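In: Fold the following.
(chains A and B)
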There are 2 protein chains.
Amino acid sequence: MPTEAQVREALSRVMDPELGRNIVELGMVRAITIDGPRVAVTLALTTMGCPLKDRISGDARAAVEALEPGLQVNVVLGEMTAEERQRAFGRQAPEVTAAQQASNVRRVLAVMSGKGGVGKSSVSALLAVALRRKGLNVGLLDADITGPSIPRMFGLHEPPEMGPAGMMPVESRSGIKVISINLLLPTEEEAVVWRGPLISSAIKQFWSEVVWGDLDVLILDLPPGTSDPALTVMQSIPLNGVLMVTSPQDLAGMVVRKAAQLASQLKVPIVGLVENMSYVLCPDCARKVEAFGPSQAGRTAAHLGVPLLGSLPLDPELARMADVGDIERYAAEAFRPLADEVWARIPAAKCTPMFG
Amino acid sequence: MPTEAQVREALSRVMDPELGRNIVELGMVRAITIDGPRVAVTLALTTMGCPLKDRISGDARAAVEALEPGLQVNVVLGEMTAEERQRAFGRQAPEVTAAQQASNVRRVLAVMSGKGGVGKSSVSALLAVALRRKGLNVGLLDADITGPSIPRMFGLHEPPEMGPAGMMPVESRSGIKVISINLLLPTEEEAVVWRGPLISSAIKQFWSEVVWGDLDVLILDLPPGTSDPALTVMQSIPLNGVLMVTSPQDLAGMVVRKAAQLASQLKVPIVGLVENMSYVLCPDCARKVEAFGPSQAGRTAAHLGVPLLGSLPLDPELARMADVGDIERYAAEAFRPLADEVWARIPAAKCTPMFG
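Out: Okay, the predicted model is just below:
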């Protein structure tokens, strides 16, 4: 029979693939009991929503089973307490920065898709404009570090000023507070060639080192994918919810469903789904041309169990005004009911981030 | 005056932000000469195309200047020799895998944009189909790990088989050899929630552990962005060139110009630019409706100094056939001249990857 020390040693070869440290070092091994050939291991995950929990428990079982033939290994999963998490990550509850002390952000909504080019940035921007027109205090955090489009849409080019408490967002003509990496680059065409950790750290700083002040809502425009940027936003920023954006193709829907799976694993509520690029009006005969084929968004919404909040057309005029920085002058009447609907559905409670 | 040891100690606090190790440990400090208050430091970069070279040399200068007031610090940049690189990364020239020994891939072309949703996957797939119709042996590597669309477009669902030398690509109906993460997932909607290092390692394995066999051309479908996937492809795989894809909006062009900057920093030749989604035909009156506004692609091509190889319409029929896995039956006659043009322009020489 193996000893507890041998089991622990075997478990120290199991990595948390996301955190890149072994599960013993991370304090995830809560208990080991050995009863003849039966070995029970209790692991405390950072969160039960941990997307890699099956892999970690499978690896742990295999590592212990390899100790000797005939062992019956049972892995039980639990969730870390706040204290265990604190011990694992070697620090106190996240420090409140001066910028955060000077801010009061009542709601945080991430606009997400998984899929690229479905219009996350347009939806984020139009939502910000519509909520601002209602008289709300609105912030817009461009979390797309390698493909930022928000400053161009609002015609913003000047760099943010540094205040005593942190970086001051740049205000758009209608008073929307904007932060984007493109405001910090020498030219807007400068490439940001960073691997994941730097991308994540930029996004975290946009949240914690920017003096957002008093905001009714902060909208986060996420890049495509379910890798570092999406993980960082969902794991480090206290979101009230996410708004999903799709396009009519089922191929887009497939990728959106992947992103929705991430949100639900991390227990972030999905406010609803918006379909963008549903059709374009023919300027000659006013026919609605379904450029991406007939809509599959209803199917995607039903599959996700969330409401389809609206379908937006492709509008060359929107493309033009976004290109020249005039999105705030776009007559987005069609967008107002959708913005009202989104606003009414943002949950009041914030999710607790896993890592400060 | 500082001693050489002090200068070296100061330099050991300068990190290569991309590699996450300090420049002394990486063996980048080739020479230090101290002549009164004048200190000259010679740094050997992994490549002169290193996108962070200004930052590294600036950090190095600042670190030495901080040693004492009045120092005149001069940083000279050079490029590592093969031996220095080998020492820095602690290993021999990259091992040739059994899969690579069993393969002969004559040309490798990455399809890239920086921007999401402009149709990189459609262009990659249509290009593969057109080159296959010419009788060439074609492979298609889906490097989009979090938003893979290639298997769906070709109607491929079965997992790849393992052969003695490595993983066997799945063959499409017309004989295109395909690898994608979606072929390896339990369902195509499963989210891949990985940070950068895992994404990079998957892409590298798709290159080095897959038995591609005898190929005239391997096409890589890249995800959006200039972060881990693009960097890994350009730094680890011997590309012959990249094909850039854009959409008519100048906002898309801006992000494409960022991606092109990355390619040129890493000295990977750009074969040309393709504009996608240029217009959609109204089925009633046959008007060409410019859904994303008038084309800015000519401007983008001129700015990049590369040819605009063609403009493709939005076609609901293509969207439909891609959704149901029938892209090989799409009557892509309009695509043939473009595919011929791309094929003729792929440079014969491969770029040398920085890291195996």
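In: Which other helices and strands does the longest helix along chain A contact?
Out: Secondary structure of chain A per DSSP state H: the longest helix is helix A:250-265. Under the contact criterion of 3 or more CB pairs under 8 Å, 6 or more residues apart in numbering or on different chains; DSSP states H and E, helix A:250-265 touches helix A:228-236, strand A:241-246, strand A:270-275, helix A:297-304, helix B:150-154, helix B:316-323. For every residue, glycine as well, the C-beta is placed using N, CA and C.
In: For that helix, buried residues please.
Out: Residues of helix A:250-265 classed as buried by neighbour count (16 or more other CB atoms under 10 Å in any protein chain shown): A:250-263, A:265.
In: so which of the residues you listed would you say is closest to A:G305?
Out: Proximity of those to A:G305, judged by CB to CB, is greatest for A:A260, which lies at 9.3 Å.
In: Isn't that closest one up against A:M244?
Out: Yes - between A:A260 and A:M244 there is a contact at 6.1 Å, judged by CB atoms under 8 Å.
In: Find the residues that touch each one of these two.
Out: Residues touching both A:A260 and A:M244 (CB atoms under 8 Å, 6 or more residues apart in numbering or on different chains): A:I270, A:L304, A:V306.
In: What distance do you get for the last one to chain B?
Out: Separation of A:V306 from chain B (CB to the nearest CB, to the nearest Å) stands at 15 Å.
In: would A:I219 count as being in a strand?
Out: Yes - counting by DSSP: H, G, I helix; E, B strand; the rest coil, A:I219 is found in a strand.
In: so how far is chain B from it?
Out: The gap separating A:I219 from chain B is 18 Å, by CB to the nearest CB.
In: circling back: nearest to B:I199, out of the helices and strands packed on helix A:250-265?
Out: Between the helices and strands packed on helix A:250-265, helix A:228-236 lies closest to B:I199; by CB to CB that is 8.7 Å.
In: List the buried residues in the lowest-mean-pLDDT helix or strand in chain A.
Out: Scoring the helices and strands of chain A by mean pLDDT, DSSP states H and E places helix A:82-88 at the bottom, with a mean of 76. The neighbour-count check on helix A:82-88 (16+ other CB under 10 Å) flags A:E84, A:R85, A:A88 as buried.
In: now these in JSON lines, with distance to B:D340?
Out: JSON lines is the format used below for these (distance: CB to CB, whole Å):
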{"residue": "A:E84", "distance to B:D340": "62"}
{"residue": "A:R85", "distance to B:D340": "58"}
{"residue": "A:A88", "distance to B:D340": "58"}
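In: so which of those comes closest to chain B?
Out: Chain B lies nearest to A:A88 out of the buried residues of helix A:82-88, by CB to the nearest CB, at 17.4 Å.
In: wait, isn't the closest one in contact with A:L26?
Out: Yes - counting by CB under 8 Å, A:L26 is a contact partner of A:A88 at 4.9 Å.
In: For the least confident helix or strand of chain A, what is the distance to the chain centroid?
Out: The chain centroid and the centroid of helix A:82-88 are separated by 23 Å under CA atoms, centre = their mean, to the nearest Å.
In: following that helix, which helix or strand shows up next?
Out: Next helix or strand after helix A:82-88 toward the C-terminus (DSSP states H and E): helix A:98-101.
In: Can you tell me which residues in the stretch 101-250 of chain A are near chain B?
Out: With CB under 8 Å from any CB of the partner chain as the criterion, the stretch 101-250 of chain A meets chain B at residues A:114-118, A:145-147, A:149, A:152-153, A:188-199, A:223-228, A:231, A:247-250.
In: What's the ChimeraX line that selects buried ones from the residues you listed?
Out: In ChimeraX, this line selects whichever of those come out buried by 16+ other CB under 10 Å:
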select /A:114,115,116,117,118,145,146,147,149,152,153,188,189,191,192,193,194,195,196,197,198,199,223,224,225,226,227,228,231,247,248,249,250
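In: coming back round to it: how many degrees apart are the longest helix of chain A and helix A:297-304 in direction?
Out: Calculated by axes from the mean of the first three to the mean of the last three CA atoms, to 10 degrees, helix A:250-265 forms an angle of 30 degrees with helix A:297-304.
In: would you put the C-alpha positions of helix A:250-265 in PDB?
Out: Taking C-alpha atoms only, helix A:250-265 is exported to PDB below (Å, rounded to 0.1, in the frame of the first residue of the first chain):
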ATOM      1  CA  ASP A 250     -25.000  28.800 -38.000                       C
ATOM      2  CA  LEU A 251     -21.200  28.600 -38.200                       C
ATOM      3  CA  ALA A 252     -21.100  31.800 -36.200                       C
ATOM      4  CA  GLY A 253     -23.700  30.400 -33.900                       C
ATOM      5  CA  MET A 254     -21.500  27.300 -33.300                       C
ATOM      6  CA  VAL A 255     -18.600  29.600 -32.100                       C
ATOM      7  CA  VAL A 256     -21.000  31.800 -30.000                       C
ATOM      8  CA  ARG A 257     -22.200  28.600 -28.300                       C
ATOM      9  CA  LYS A 258     -18.600  27.900 -27.300                       C
ATOM     10  CA  ALA A 259     -18.300  31.400 -25.700                       C
ATOM     11  CA  ALA A 260     -21.600  30.900 -23.900                       C
ATOM     12  CA  GLN A 261     -20.300  27.700 -22.500                       C
ATOM     13  CA  LEU A 262     -17.300  29.600 -21.000                       C
ATOM     14  CA  ALA A 263     -19.700  32.100 -19.500                       C
ATOM     15  CA  SER A 264     -21.800  29.500 -17.900                       C
ATOM     16  CA  GLN A 265     -18.800  27.500 -16.600                       C
END
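In: Now that helix: average pLDDT?
Out: When pLDDT is averaged along helix A:250-265, the result is 95.
In: Could you do stretch A:30-37 as well?
Out: Mean predicted confidence for stretch A:30-37 is 89.
In: in that stretch, what's buried?
Out: In stretch A:30-37, counting by 16+ other CB under 10 Å, buried: A:I32, A:I34.
In: do the same with stretch A:226-243
Out: A:226-237, A:239-243.
In: With stretch A:289-305 instead?
Out: Buried residues in stretch A:289-305, counted by 16+ other CB under 10 Å: A:V289, A:E290, A:A291, A:F292, A:G293, A:S295, A:Q296, A:A297, A:T300, A:A301, A:H303, A:L304.
In: I figured the fourth one hits A:Q249, correct?
Out: Same thing as A:F292. Yes - using CB under 8 Å, A:F292 makes contact with A:Q249 at a distance of 5.0 Å.
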